[in-house]
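> Output the structure for:
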Amino acid sequence: MREKQPVSANKVLTRMARRFVAGETAEEALKVVASLNERGVLASLDLLGENVSSADDAKRCAAEYCSLIAAIASAGLQANVSLKLTMLGLDSSEELCRDNLTAILDIARSKGNMFVRIDMEGSAYTQKTLDVFLALRREYDNLGIVLQAMLKRTQEDLRRILDAGGRVRLCKGAYKEPPALAFQKMYEIQANFLECVNLLFERCELPAIATHDQRLIDETLKLAARRDRAKDSFEFQMLYGLRRDTWYSLSAEGYRFRVYVPFGTHWLPYFTRRLRERKENVLFVLSNLFSR
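Residues are numbered from 1 along each chain as shown. Just a heads-up that it's a prediction; the model follows:
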(Lines give C-alpha, C1' and ligand atoms only; values in the text may rest on other atoms or scores of the structure.)
Protein backbone atom coordinates (compact mmCIF):
# COMPACT_ATOMS: atom_id res chain seq x y z
CA MET A 1 0.00 0.00 0.00
CA ARG A 2 1.16 3.54 -0.69
CA GLU A 3 2.24 5.08 2.59
CA LYS A 4 2.13 8.57 3.99
CA GLN A 5 5.41 10.36 4.43
CA PRO A 6 7.06 9.53 7.78
CA VAL A 7 6.64 11.88 10.69
CA SER A 8 10.29 12.92 10.20
CA ALA A 9 9.18 14.71 7.03
CA ASN A 10 7.43 16.86 9.69
CA LYS A 11 4.87 19.59 9.70
CA VAL A 12 7.20 22.26 8.33
CA LEU A 13 7.96 20.29 5.17
CA THR A 14 4.28 19.46 4.78
CA ARG A 15 3.39 23.14 5.06
CA MET A 16 5.92 24.01 2.37
CA ALA A 17 4.60 21.30 0.07
CA ARG A 18 1.12 22.81 0.23
CA ARG A 19 2.21 25.42 -2.27
CA PHE A 20 2.45 22.67 -4.89
CA VAL A 21 -0.07 20.10 -3.65
CA ALA A 22 -3.81 20.81 -3.46
CA GLY A 23 -4.41 18.66 -0.41
CA GLU A 24 -4.29 15.08 0.80
CA THR A 25 -7.85 14.10 -0.16
CA ALA A 26 -9.92 14.13 -3.31
CA GLU A 27 -12.44 16.38 -1.58
CA GLU A 28 -9.79 19.06 -1.01
CA ALA A 29 -8.56 18.81 -4.59
CA LEU A 30 -12.07 19.02 -6.04
CA LYS A 31 -12.66 22.26 -4.14
CA VAL A 32 -9.52 23.69 -5.74
CA VAL A 33 -10.75 22.62 -9.17
CA ALA A 34 -14.14 24.22 -8.57
CA SER A 35 -12.47 27.54 -7.72
CA LEU A 36 -10.34 27.33 -10.88
CA ASN A 37 -13.40 26.59 -13.01
CA GLU A 38 -15.17 29.62 -11.57
CA ARG A 39 -12.43 31.77 -13.13
CA GLY A 40 -12.46 30.02 -16.49
CA VAL A 41 -9.48 27.74 -15.86
CA LEU A 42 -9.55 24.00 -16.57
CA ALA A 43 -7.80 21.36 -14.46
CA SER A 44 -6.10 17.99 -14.64
CA LEU A 45 -6.19 16.04 -11.37
CA ASP A 46 -3.27 13.83 -10.40
CA LEU A 47 -3.48 11.37 -7.51
CA LEU A 48 0.13 11.37 -6.35
CA GLY A 49 1.99 8.07 -6.27
CA GLU A 50 4.49 6.05 -8.28
CA ASN A 51 6.44 2.79 -8.32
CA VAL A 52 3.71 0.72 -6.66
CA SER A 53 5.22 -2.67 -5.86
CA SER A 54 2.31 -5.13 -5.59
CA ALA A 55 -0.55 -6.12 -7.88
CA ASP A 56 -3.11 -5.54 -5.13
CA ASP A 57 -1.86 -2.00 -4.51
CA ALA A 58 -1.84 -1.26 -8.25
CA LYS A 59 -5.47 -2.38 -8.51
CA ARG A 60 -6.32 -0.28 -5.47
CA CYS A 61 -4.77 2.76 -7.14
CA ALA A 62 -6.79 2.09 -10.29
CA ALA A 63 -9.96 1.90 -8.18
CA GLU A 64 -9.09 5.24 -6.58
CA TYR A 65 -8.80 6.79 -10.03
CA CYS A 66 -12.15 5.32 -11.05
CA SER A 67 -13.73 6.89 -7.96
CA LEU A 68 -12.03 10.20 -8.73
CA ILE A 69 -13.39 10.22 -12.28
CA ALA A 70 -16.89 9.52 -10.99
CA ALA A 71 -16.56 12.37 -8.47
CA ILE A 72 -15.41 14.83 -11.15
CA ALA A 73 -18.35 13.90 -13.36
CA SER A 74 -20.84 14.03 -10.48
CA ALA A 75 -19.66 17.54 -9.55
CA GLY A 76 -19.86 18.71 -13.17
CA LEU A 77 -16.29 20.01 -13.09
CA GLN A 78 -14.24 20.99 -16.13
CA ALA A 79 -11.38 18.60 -15.44
CA ASN A 80 -9.64 15.47 -16.60
CA VAL A 81 -7.10 13.17 -14.92
CA SER A 82 -3.38 12.52 -15.23
CA LEU A 83 -1.68 9.35 -14.01
CA LYS A 84 1.64 7.53 -13.88
CA LEU A 85 1.88 3.98 -15.17
CA THR A 86 4.20 2.86 -12.38
CA MET A 87 1.29 3.59 -10.05
CA LEU A 88 -0.75 1.04 -12.01
CA GLY A 89 1.80 -1.77 -11.82
CA LEU A 90 4.20 -1.13 -14.72
CA ASP A 91 7.14 -2.22 -12.55
CA SER A 92 5.47 -5.60 -12.07
CA SER A 93 4.16 -6.30 -15.56
CA GLU A 94 2.97 -4.46 -18.63
CA GLU A 95 -0.14 -6.65 -18.76
CA LEU A 96 -1.17 -5.71 -15.21
CA CYS A 97 -0.64 -2.05 -16.02
CA ARG A 98 -2.69 -2.24 -19.22
CA ASP A 99 -5.53 -4.02 -17.43
CA ASN A 100 -5.66 -1.35 -14.73
CA LEU A 101 -5.47 1.48 -17.24
CA THR A 102 -8.22 -0.12 -19.33
CA ALA A 103 -10.50 -0.22 -16.28
CA ILE A 104 -9.89 3.50 -15.74
CA LEU A 105 -10.47 4.31 -19.41
CA ASP A 106 -13.74 2.37 -19.45
CA ILE A 107 -15.04 4.37 -16.49
CA ALA A 108 -13.84 7.61 -18.08
CA ARG A 109 -15.58 6.70 -21.33
CA SER A 110 -18.82 6.10 -19.43
CA LYS A 111 -18.53 9.55 -17.81
CA GLY A 112 -18.76 11.67 -20.94
CA ASN A 113 -15.58 10.24 -22.48
CA MET A 114 -13.45 12.05 -19.90
CA PHE A 115 -9.87 12.52 -21.02
CA VAL A 116 -7.06 10.56 -19.36
CA ARG A 117 -3.44 11.68 -19.74
CA ILE A 118 -0.46 9.37 -19.13
CA ASP A 119 2.36 11.27 -17.45
CA MET A 120 5.88 10.51 -18.63
CA GLU A 121 8.27 9.33 -15.94
CA GLY A 122 12.06 8.89 -16.04
CA SER A 123 13.81 7.68 -19.19
CA ALA A 124 13.89 4.09 -17.92
CA TYR A 125 10.12 4.04 -18.50
CA THR A 126 9.87 6.02 -21.74
CA GLN A 127 9.62 3.12 -24.18
CA LYS A 128 7.33 1.04 -21.96
CA THR A 129 5.05 4.04 -21.49
CA LEU A 130 4.89 4.66 -25.23
CA ASP A 131 4.17 0.98 -25.88
CA VAL A 132 1.23 0.95 -23.46
CA PHE A 133 -0.13 4.20 -24.86
CA LEU A 134 0.08 3.12 -28.51
CA ALA A 135 -1.48 -0.26 -27.74
CA LEU A 136 -4.54 1.33 -26.09
CA ARG A 137 -4.80 4.46 -28.26
CA ARG A 138 -6.35 2.40 -31.06
CA GLU A 139 -9.36 1.64 -28.87
CA TYR A 140 -9.57 4.73 -26.66
CA ASP A 141 -9.71 8.18 -28.20
CA ASN A 142 -9.87 9.71 -24.70
CA LEU A 143 -6.25 8.76 -23.98
CA GLY A 144 -3.27 11.12 -24.27
CA ILE A 145 0.38 11.17 -23.32
CA VAL A 146 3.17 13.49 -22.17
CA LEU A 147 6.54 13.98 -23.89
CA GLN A 148 9.60 15.68 -22.42
CA ALA A 149 11.57 18.16 -24.53
CA MET A 150 14.78 17.46 -22.62
CA LEU A 151 15.04 13.93 -24.06
CA LYS A 152 16.92 13.66 -27.34
CA ARG A 153 14.53 11.00 -28.63
CA THR A 154 11.41 13.13 -28.22
CA GLN A 155 11.01 14.47 -31.77
CA GLU A 156 11.08 10.93 -33.13
CA ASP A 157 8.59 9.80 -30.48
CA LEU A 158 6.37 12.78 -31.24
CA ARG A 159 6.18 11.91 -34.93
CA ARG A 160 5.28 8.34 -34.09
CA ILE A 161 2.50 9.44 -31.75
CA LEU A 162 1.14 11.96 -34.24
CA ASP A 163 1.11 9.26 -36.93
CA ALA A 164 -1.16 7.30 -34.57
CA GLY A 165 -3.45 10.31 -34.06
CA GLY A 166 -2.40 10.77 -30.44
CA ARG A 167 -2.82 13.86 -28.30
CA VAL A 168 0.29 15.19 -26.60
CA ARG A 169 1.20 17.38 -23.66
CA LEU A 170 4.69 18.77 -24.17
CA CYS A 171 6.80 19.72 -21.15
CA LYS A 172 10.49 20.31 -20.49
CA GLY A 173 10.92 17.33 -18.17
CA ALA A 174 11.77 17.25 -14.47
CA TYR A 175 13.84 14.07 -14.11
CA LYS A 176 17.62 14.03 -13.85
CA GLU A 177 18.88 12.31 -17.00
CA PRO A 178 22.39 11.50 -18.35
CA PRO A 179 23.93 13.52 -21.23
CA ALA A 180 23.70 10.52 -23.54
CA LEU A 181 19.90 10.64 -23.33
CA ALA A 182 19.01 14.24 -22.56
CA PHE A 183 20.00 17.80 -23.34
CA GLN A 184 21.76 19.37 -20.36
CA LYS A 185 21.80 23.04 -21.37
CA MET A 186 18.63 25.09 -21.01
CA TYR A 187 19.01 26.70 -24.43
CA GLU A 188 19.14 23.21 -25.99
CA ILE A 189 15.98 22.14 -24.18
CA GLN A 190 14.22 25.35 -25.19
CA ALA A 191 15.21 24.90 -28.83
CA ASN A 192 13.94 21.31 -28.88
CA PHE A 193 10.77 22.38 -27.08
CA LEU A 194 9.96 24.97 -29.75
CA GLU A 195 10.70 22.56 -32.61
CA CYS A 196 8.23 20.16 -31.02
CA VAL A 197 5.65 22.94 -30.58
CA ASN A 198 5.96 23.75 -34.27
CA LEU A 199 5.34 20.11 -35.16
CA LEU A 200 2.38 19.94 -32.79
CA PHE A 201 0.83 23.03 -34.34
CA GLU A 202 1.29 21.47 -37.74
CA ARG A 203 -0.22 18.07 -36.97
CA CYS A 204 -1.98 17.86 -33.58
CA GLU A 205 -5.66 18.72 -33.08
CA LEU A 206 -5.47 19.96 -29.48
CA PRO A 207 -1.87 20.06 -28.23
CA ALA A 208 -1.08 20.99 -24.65
CA ILE A 209 1.91 23.27 -24.10
CA ALA A 210 3.08 22.87 -20.50
CA THR A 211 5.63 25.48 -19.46
CA HIS A 212 6.30 28.21 -16.91
CA ASP A 213 9.06 29.69 -19.07
CA GLN A 214 7.95 33.12 -20.30
CA ARG A 215 10.20 32.92 -23.36
CA LEU A 216 8.59 29.64 -24.40
CA ILE A 217 5.12 31.08 -23.81
CA ASP A 218 5.92 34.11 -25.96
CA GLU A 219 7.44 32.00 -28.74
CA THR A 220 4.50 29.60 -28.63
CA LEU A 221 2.11 32.50 -29.14
CA LYS A 222 4.17 33.67 -32.13
CA LEU A 223 4.13 30.19 -33.65
CA ALA A 224 0.37 29.93 -33.09
CA ALA A 225 -0.18 33.25 -34.88
CA ARG A 226 2.10 32.22 -37.73
CA ARG A 227 0.12 29.03 -38.23
CA ASP A 228 -3.28 30.69 -37.72
CA ARG A 229 -4.09 28.49 -34.72
CA ALA A 230 -7.27 29.64 -33.01
CA LYS A 231 -6.96 30.41 -29.29
CA ASP A 232 -9.11 27.41 -28.42
CA SER A 233 -7.23 24.98 -30.69
CA PHE A 234 -4.45 24.41 -28.16
CA GLU A 235 -4.01 24.89 -24.45
CA PHE A 236 -1.37 26.12 -22.07
CA GLN A 237 -0.78 24.13 -18.91
CA MET A 238 1.03 24.94 -15.67
CA LEU A 239 1.56 23.28 -12.32
CA TYR A 240 -0.57 24.16 -9.32
CA GLY A 241 1.20 26.76 -7.20
CA LEU A 242 3.28 28.39 -9.93
CA ARG A 243 2.59 31.65 -11.81
CA ARG A 244 -1.00 31.90 -10.68
CA ASP A 245 -1.52 35.34 -12.25
CA THR A 246 -0.58 33.91 -15.65
CA TRP A 247 -3.31 31.28 -15.40
CA TYR A 248 -5.96 33.93 -15.17
CA SER A 249 -4.47 36.47 -17.56
CA LEU A 250 -4.09 34.02 -20.46
CA SER A 251 -7.52 32.57 -19.74
CA ALA A 252 -9.00 36.09 -19.76
CA GLU A 253 -7.39 36.66 -23.16
CA GLY A 254 -9.36 33.71 -24.52
CA TYR A 255 -6.71 30.98 -24.45
CA ARG A 256 -7.50 27.54 -23.11
CA PHE A 257 -5.64 27.15 -19.84
CA ARG A 258 -5.36 24.07 -17.64
CA VAL A 259 -3.73 23.71 -14.22
CA TYR A 260 -2.19 20.41 -13.17
CA VAL A 261 -3.62 19.76 -9.69
CA PRO A 262 -1.81 17.05 -7.69
CA PHE A 263 -3.13 15.73 -4.39
CA GLY A 264 -2.64 12.85 -2.00
CA THR A 265 -0.44 11.70 0.85
CA HIS A 266 2.42 10.40 -1.29
CA TRP A 267 3.69 13.88 -2.18
CA LEU A 268 7.41 13.80 -1.33
CA PRO A 269 8.85 12.62 -4.72
CA TYR A 270 6.70 15.17 -6.56
CA PHE A 271 7.67 17.96 -4.15
CA THR A 272 11.36 17.09 -4.49
CA ARG A 273 11.17 17.37 -8.29
CA ARG A 274 9.55 20.78 -8.00
CA LEU A 275 12.42 22.01 -5.83
CA ARG A 276 15.04 20.57 -8.14
CA GLU A 277 13.69 22.03 -11.36
CA ARG A 278 13.37 25.70 -10.35
CA LYS A 279 15.64 27.70 -8.04
CA GLU A 280 12.70 30.02 -7.34
CA ASN A 281 10.90 27.12 -5.67
CA VAL A 282 13.84 26.48 -3.35
CA LEU A 283 14.00 30.16 -2.43
CA PHE A 284 10.28 30.12 -1.67
CA VAL A 285 10.66 27.18 0.70
CA LEU A 286 13.72 28.64 2.44
CA SER A 287 12.09 32.03 2.92
CA ASN A 288 9.09 30.39 4.55
CA LEU A 289 11.24 28.15 6.74
CA PHE A 290 13.15 31.07 8.21
CA SER A 291 10.23 33.46 8.50
CA ARG A 292 8.45 31.33 11.11
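> can you list the residues that contact the strand or helix carrying Ala103?
Take DSSP states H and E as the rule and Ala103 turns out to sit in helix 94-110. Defining contact as CB atoms under 8 Å, 6 or more residues apart in numbering, one finds that helix 94-110 is touched by 55, 58-59, 61-62, 65-66, 69-70, 81, 83, 85, 88-90, 114-116, 118, 128, 131-132, 135-136, 140, 142-143. (Glycine included, C-beta is placed from N, CA and C.)
> Point out the ones among those that are inside helices.
In this view, these that belong to helices under DSSP state H are 55, 58-59, 61-62, 65-66, 69-70, 128, 131-132, 135-136.
> Tell me the spacing between Leu47 and Leu194.
For Leu47, the distance to Leu194 equals 32 Å [CB to CB, to the nearest Å].
> What of Cys61?
35 Å.
> These two: who's more crowded?
For Cys61 versus Leu194, the count of surrounding residues by other CB atoms under 10 Å is larger for Cys61: 25 against 18.
> Would you check that Tyr270 makes contact with Leu47?
No. With contact defined as CB atoms under 8 Å, Tyr270 does not reach Leu47; the gap is 10.9 Å.
> Tell me the one of the ones in helices among the contacts of helix 94-110 nearest His212?
Tyr65 (26.2 Å; CB to CB).
> Mark which of the contacts of helix 94-110 are buried, thanks.
Buried members of the contacts of helix 94-110, counted by 16 or more other CB atoms under 10 Å: 58-59, 61-62, 65-66, 69, 81, 83, 85, 88-90, 114-116, 118, 128, 132, 136, 140, 142-143.
> Find the residues that touch each one of Tyr270 and Leu47.
Listed as contacting both Tyr270 and Leu47 by CB under 8 Å, 6+ apart are Pro262.
> Stretch 246-256: which residues count as buried?
247, 250-251, 255-256.
> brain fart, stretch 35-50
36-37, 40-50.
> what distance separates it from the centre of its chain?
10 Å (CA atoms, centre = their mean, to the nearest Å).
> What is the end-to-end distance of that stretch?
Its start and end residues considered, stretch 35-50 measures 27 Å (CA to CA, to the nearest Å).
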